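K.L.:
what shape does this take:
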Amino acid sequence: QVQLVDSGGGSVQAGESLRLACAASGNIRSIDRIRWYRQATGAGRELVAEIERDGSTRYSEAAEGRFAISSDNGLNTVYLYLKNARLQDAAAYYCYAVIGPTPWGERRPNIWGQGTQVTVSS
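P.N.:
Purely as a prediction, here's the structure:
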């Protein structure tokens with residue numbers, strides 16, 4: 001089983017930068033990729049960025065250019081770096097681990113972190 005702990009949220013002013021972290025534990029080798037999602041108050045959860053075990057990354061159109069996703073030691077810890085924060089970046093940010101199948105092909109559940117809140121003020 002995999003556990004995820006999100007951290008790094010807080011209050012920033014517009015234009016400032018922030019780094020979020022997602023620390024994985026447990027059966028880390030079972031993780032295929034990790035995603036960061038965010039959910040603003042009253043809105044649905046939206047994908048921000050994704051990183052695969054081989055280091056390849058993808059970003060949503062809204063995140064391109066201001067967010068950067070990276071990882072240490074494979075997918076042990078995944079970071080989401082936000083630069084030049086905007087008011088609309090205020091949200092709860094969640095990491096999400098996509099778990100690969102067992103060696104005998106059984107699907108395993110994906111895992112959510114508990115979330116970390118980002119507040120942006122003008």
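K.L.:
what about the residue sitting nearest the centre point of the chain, distance to residue 110?
P.N.:
Centroid check for the chain by C-alpha atoms, centre = their mean gives residue 36 as the closest residue, at 2.4 Å. For residue 36, the distance to residue 110 equals 14 Å [C-beta to C-beta, to the nearest Å]. Every C-beta, even on glycine, is put in place using the N, C-alpha and C of the backbone.
K.L.:
which secondary structure element contains the residue located most distally from the centre of the chain?
P.N.:
No residue in the chain sits farther from the centre than residue 104, which is 28.5 Å out by C-alpha atoms, centre = their mean. Using DSSP states H and E, residue 104 maps to neither a helix nor a strand.
K.L.:
pLDDT wise, what is it at?
P.N.:
Note for residue 104: predicted pLDDT of 93.
K.L.:
quick one: residues contacting it.
P.N.:
Going by C-beta atoms under 8 Å, 6 or more residues apart in numbering, residue 104 touches no other residue.
K.L.:
same question, residue 41
P.N.:
Taking C-beta under 8 Å, 6+ apart, we find residue 41 in contact with residue 91.
K.L.:
what of residue 7?
P.N.:
Residues in contact with residue 7 (C-beta under 8 Å, 6+ apart) are 20, 21, 23, 116.
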